[in-house]
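Engineer: what follows is a predicted structure for the sequence shown.
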Amino acid sequence: MRPPPRSWLTLTRGLLAATLLSAALGGCAKQKLIPNTKVPDSKLNREILQVVEKYRRYMEQLNAAGVLTLVHPTYQDHAGTAKGNDDIDYTNLKDLLRTRFKKATKIRYRVEYRRVHFKGRQAEVDAYIDATFVYKEPLANPRWRRLTDFNRFRLLKEGSSWRFISGL
């Protein structure tokens with residue numbers, strides 16, 4: 001048996017190299033992300049981020065009533081602590097927003113979206129929050145405050161809308 005002709009070996013090696021290169025490049029293809037986020041671009045992810053963006057705009061407008069339209073009546077937040085005295089439910093949130101918005105002016109509320117994860121009818125949005133605002137205290141000069149932190153918003157799908165159940 002004679003060895004295959006040189007051109008056949010060259011062709012086979014070329015096809016093998018092209019196949020391997022194609023597979024390697026295909027495996028490295030970047031997933032399309034929603035602009036200015038680290039979140040994959042999908043209809044559902046965009047829908048969720050639109051709700052959080054609406055919340056962000058209401059915060060900058062000091063619009064407590066607007067924020068509350070995005071909150072589910074079962075809202076419950078444990079503030080990341082084991083203590084029960086800092087837990088917030090829907091009623092406490094309503095009072096907290098009104099009280100704090102009366103003392104705050106010039107809010108800038110920025111959200112960097114990192115991840116969206118779904119569990120049935122619930123969604124979790126991991127984000128980095130960077131908020132700056134002027135806070136007024138009685139008998140004191142207004143002062144700038146800044147809050148930066150990682151946060152997890154949790155939302156529940158009810159009918160055709162998503163509403164916050166924790167994380168505000």
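Structural biologist: Happy to help now that I have it.
Engineer: where in this structure is pLDDT low?
Structural biologist: 1-29, 79-85 (pLDDT under 70).
Engineer: where along it do the helices fall?
Structural biologist: Assigned by DSSP state H, the chain shows helices spanning 6-27, 43-60, 64-69, 90-103.
Engineer: ok now the third one, how far from the chain's centre?
Structural biologist: Same thing as helix 64-69. In terms of C-alpha atoms, centre = their mean, to the nearest Å, the centre of helix 64-69 is found 19 Å from the chain centre.
Engineer: give me the contacts around it.
Structural biologist: Helix 64-69 has contacts (C-beta atoms under 8 Å, 6 or more residues apart in numbering) with 54, 55, 58, 59, 93, 94, 97, 98, 101, 168. From N, CA and C alone the C-beta is placed, and that goes for glycine too.
Engineer: any idea how many residues pack against the fourth one?
Structural biologist: Applying other C-beta atoms under 10 Å, we find 23 other residues in the vicinity of residue 59.
Engineer: any idea how far it is from residue 123?
Structural biologist: 19 Å (C-beta to C-beta, to the nearest Å).
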